[in-house]
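Colleague: Kindly return the folded structure for what I paste below:
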Amino acid sequence: MNTVVASGAGNVARRIKYIGSKPGGRRDTVAGTDLHWPGPGAVLVVAPHVAARLVAYPDIWEDVTDRDQPDLLAEAASSGLEVARLREENAQLREEVYLLRQEKALLEERIQRLEAGPTRAGVLEPLAPGANADPPAPETLPIPQVPDLDRMDKRALMEFAQQELQLDLDGKLYPKDMRAQIASTLMARG
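Modeller: Below is the predicted model of the structure:
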């Protein structure tokens with residue numbers, strides 16, 4: 001139950017009941033407390049000065065402080081409804097936070113992959129034990145006449161690598177990476 005503490009001696013907190021018709025309840029926008037009555041029949045304890053402002057709207061709020069038998073069951077039920085609503089809202093927010101954290105992790109992983117650079121087709125990997133480390137004989141791979149790679153676009157680089165070096169370049173590479181791979185292949189072949 002929300003309670004606004006009254007200041008000063010002799011001030012007695014007042015029990016204010018929401019008697020409006022909104023099933024979702026009502027939030028105090030009159031006295032500025034932002035307290036929420038979860039539904040018709042809900043009772044909250046407020047400071048006397050707050051109560052005085054609220055009861056100025058008798059079709060919405062009613063002061064039930066002086067009643068002999070307060071409807072404690074209804075008060076407890078309305079309080080329980082508010083707690084249940086807040087728990088549901090909390091669960092939804094926790095799920096949203098969980099999903100956002102997962103999305104953040106995926107984005108961070110993607111950024112790391114992008115910062116590491118693109119993967120390159122044909123990059124030499126370390127040889128497995130017992131594998132043949134000898135390069136092919138130079139007579140089997142003629143050294144082509146190397147054109148100005150800097151003036152070639154992506155398509156021309158891929159064609160040159162395929163026709164002259166029998167090297168399949170990944171089309172996802174940037175042209176500068178294609179040029180580097182072609183130059184590396186040419187230097188490796190002598």
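
Colleague: going forward, measure contacts between C-alpha atoms and count neighbours the same way
Modeller: Noted.

Colleague: for the protein, where's the lowest mean pLDDT among helices and strands?
Modeller: Counting by mean pLDDT, DSSP states H and E, the chain has its least confident helix or strand at helix 72-116, which shows a mean of 79.

Colleague: I'd like the next helix or strand past that helix.
Modeller: helix 154-165 (DSSP states H and E).

Colleague: I'd like to know how far the closest residue to Asp150 other than its chain neighbours sits from Leu86.
Modeller: Excluding the flanking residues, the one nearest Asp150 by Cα to Cα, 6 or more residues apart in numbering is Arg179, at 7.6 Å. Using Cα to Cα, to the nearest Å, we find Arg179 at a distance of 60 Å from Leu86.

Colleague: quick one: which of the two has more around it?
Modeller: Set side by side, Arg179 and Leu86 show more neighbours around Arg179, with 20 against 12, by other Cα atoms under 10 Å.

Colleague: Show me what the least confident helix or strand of the chain is packed against.
Modeller: Of the remaining helices and strands, none touches helix 72-116 by 3 or more Cα pairs under 8 Å, 6 or more residues apart in numbering; DSSP states H and E.

Colleague: can you give me the offset of it from its chain's centre?
Modeller: Centroid separation for helix 72-116 versus its chain: 10 Å, with Cα atoms, centre = their mean, to the nearest Å.

Colleague: One more: stretch 157-176?
Modeller: Counting by Cα atoms, centre = their mean, stretch 157-176 comes out at 39 Å from the chain centroid.

Colleague: got the buried residues for it?
Modeller: Leu157, Met158, Phe160, Ala161, Leu165, Leu167, Leu169, Leu173, Pro175 (16 or more other Cα atoms under 10 Å).
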